[in-house]
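A.B. asks: Pasted the sequence and its predicted model underneath.
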Amino acid sequence: MIERLRLDRASARTQRLAVDLPGAVPGWLVRMAPGLLVLAAGSPAEASLAGAVVLLAVAVAAVLRPGTFAAALLAVVLAVATLVQGSVAFAHGALPVALAVLGVHLVLASGAVARHVAWRGQVDPRVLGEAALGLVPVQVATQLLVILAWVASGGASPVWRTAGVVALVGLGLLVLPARRLPPR
């Protein structure tokens, strides 16, 4: 009986469970997403060969070790590229900065998802949709802060500066916890 139990355990290791998920996203695509997003987010900022090599290395790291440090490295690469090019952050308006912030956030979020997916696995599209919906509130607040920084840096007219102050106060009221009075 002991030998039969050993045989059953050995055959159980070789058997695989196959689940059919209609419309499933292949695991390799989910695992590649952080690296592709690094290249997409960093490519407008990199004009030199050295910068392109560093960006490619960050993209490879994002694929091989998703969810670790790729988003932070991408932020550093984008900041260094801005400094090396000799321009200030808002030299071309708020859009390049807003896209860079969005890119870093997408690399961070896609790495967090890819970290839990096997290369040969499959992911239900609803899971990816739920993960994407979770990004929206944080991204809205972050993009508002980018716009407010642009307005505060003098990149806008006085009307936009006033609107920025009003938006900052509104954002503060929404984000900061309200002071609660003890019940009587």
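C.D. replies: Sure thing, it's come through.

A.B. asks: contacts, neighbours, all on C-alpha from now
C.D. replies: Noted.

A.B. asks: ok, now which ones touch the most centrally placed residue in the chain?
C.D. replies: Nearest residue to the geometric centre of the chain (CA atoms, centre = their mean): Leu106, 2.2 Å. Going by CA atoms under 8 Å, 6 or more residues apart in numbering, Leu106 touches 34, 37.

A.B. asks: Which secondary structure element is home to it?
C.D. replies: helix 95-114 (DSSP states H and E).

A.B. asks: got the buried residues for that helix?
C.D. replies: Using 16 or more other CA atoms under 10 Å as the test for burial, helix 95-114 gives 96-114.

A.B. asks: Tell me the spacing between the residue nearest to the centre of the chain and Ala50.
C.D. replies: From Leu106 across to Ala50, the span is 24 Å (CA to CA, to the nearest Å).

A.B. asks: Equivalent analysis for His105, please.
C.D. replies: Distance from His105 to Ala50, by CA to CA: 24 Å.

A.B. asks: same deal with Thr68?
C.D. replies: 23 Å.

A.B. asks: Over to Val169?
C.D. replies: From Val169 to Ala50 the distance is 42 Å (CA to CA).

A.B. asks: what do you get for Leu36?
C.D. replies: 19 Å.

A.B. asks: Could you do Arg115 as well?
C.D. replies: Distance from Arg115 to Ala50, by CA to CA: 28 Å.

A.B. asks: So if I had to pick from those two, which one is more boxed in?
C.D. replies: Set Arg115 next to Ala50 and count neighbours by other CA atoms under 10 Å: Arg115 wins out with 18 against 10.

A.B. asks: check contacts around that one.
C.D. replies: 31, 65-67.

A.B. asks: How far does stretch 124-137 sit from its chain's centre?
C.D. replies: On the basis of CA atoms, centre = their mean, to the nearest Å, stretch 124-137 sits 12 Å off its chain's mean C-alpha point.

A.B. asks: Could you give the average pLDDT over that stretch?
C.D. replies: For stretch 124-137, mean pLDDT rounds to 86.

A.B. asks: now the strands: where do they sit in the protein?
C.D. replies: 25-26, 122-123 (DSSP state E).
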